[in-house]
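Q: based on what follows, work out the 3D shape:
(one chain, ligands or ions: 1)
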Amino acid sequence: EKVKITKEQQALVKSIVDAYNKHQIPQDVTKKLLQEQYSAEENFLLLTEMATNQVQVLVEFTKNIPGFLSLDREDQIALLKGSAVEAMFLRSAQVLSKRMPNGHTEVLKERVRNSGMSEEFMTPMFNFYKSIDELQIGQEEQALLTAVTILTPDRPYVKDYQAVERLQETMLDVLRKLCVLQHPQDPQYFARLLGRLTELRTLNHYHAEMLTSWRMNDQKFTPLLCEIWDVQ
Ligand SMILES: CC(C)c1onc(-c2c(Cl)cccc2Cl)c1COc1ccc(-c2ccc3[nH]c(C(=O)O)cc3c2)cc1
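A: Numbering: from 1, shown residues only. Have a look, this model is predicted:
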């Protein structure tokens, strides 16, 4: 049957995409990727700064997801803490997969490769980046996929599971329709996108292990990252 995006679904996509594009890491921060000197310590510091800025961007984006601010306040925090790493994988994947005009793709990749992270984390990480690149995800799908990730109801400490599930289903409905309309030649495209979200959750596990090993080596994070990742 002919898939039709309703008027309110069009409005929903527009507000999500506008929010996604509006909130970005400032240029004066990201251009440091090209400027700062190159060492494991400096790379780690830069990535920490990127992640900290990205969390701030993520919070602003999340506040613009229709319905999010009407959730229980504590559930809002639980959703942000539970999805931060996955959302940052999606965002950094966008930078690492497409040819960034500002040439950050290669230098970000190299700094990640030389920041003291273990191979056992980097392999799945770069496999994920490759699998995202293959899907050539459009910006509407990217923004909606990030919203779907944030609105995952089964995060730790979420109380009103149903309220979050309802919001996520609203996003999934319009994402599914967009995929059908924008990838008519690939009826499995929506399913493949959701497969990436499953892969993302396994990366959470690797990331938690990496955080532990960083803490052993007494690596320093910013207060915001300590709060969102419950470290120190
Ligand atoms: C605390 C640091 C070391 C860290 O720990 N885990 C990760 C970590 C890692 Cl590697 C991988 C995935 C997730 C996390 Cl959360 C990181 C670094 O996280 C990020 C690195 C880069 C970016 C990022 C996002 C958007 C950007 N735009 C541009 C631009 O040039 O426009 C550069 C850029 C960088 C975001 C998070």
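Q: for this structure, which helix is longest?
A: Scanning the chain for the helix with the most residues, using DSSP state H, yields helix 189-216.
Q: residues of that helix that come out buried?
A: 189, 190, 193, 196, 200, 203, 206, 207, 210, 211, 214 (16 or more other C-beta atoms under 10 Å). Yep, even glycine has a C-beta here, placed from its N, CA and C like the rest.
Q: helix or strand right after that helix?
A: helix 223-228 (DSSP states H and E).
Q: distance between that following helix and the chain's centre?
A: Centre-to-centre, helix 223-228 and its host chain are 17 Å apart (C-alpha atoms, centre = their mean, to the nearest Å).
Q: next: stretch 77-84.
A: 11 Å.
Q: is the ligand contacted by it?
A: No: using C-beta under 6 Å from any ligand atom, we find that stretch 77-84 stays clear of the ligand, coming within 7.0 Å at best.
Q: neighbouring contacts of that stretch?
A: 55, 58-59, 62, 68, 71, 149-152, 155-159, 164, 228-230 (C-beta atoms under 8 Å, 6 or more residues apart in numbering).
Q: would you mark the buried spots in that stretch?
A: Buried, per 16+ other C-beta under 10 Å, within stretch 77-84: 78, 79, 80, 81, 82, 83, 84.
Q: from those, which ones fall inside helices?
A: Per DSSP H, the buried residues of stretch 77-84 map to helices at 78, 79, 80, 81, 82, 83, 84.
Q: how about the buried residues of helix 189-216 in a markdown table, adding pLDDT and distance to the ligand?
A: Output for these, formatted as a markdown table (pLDDT from 0 to 100; distance: C-beta to the nearest ligand atom, whole Å):
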| residue | pLDDT | distance to the ligand |
| --- | --- | --- |
| 189 | 97 | 24 |
| 190 | 97 | 24 |
| 193 | 96 | 18 |
| 196 | 95 | 14 |
| 200 | 95 | 10 |
| 203 | 95 | 7 |
| 206 | 92 | 10 |
| 207 | 95 | 6 |
| 210 | 90 | 7 |
| 211 | 90 | 7 |
| 214 | 86 | 8 |
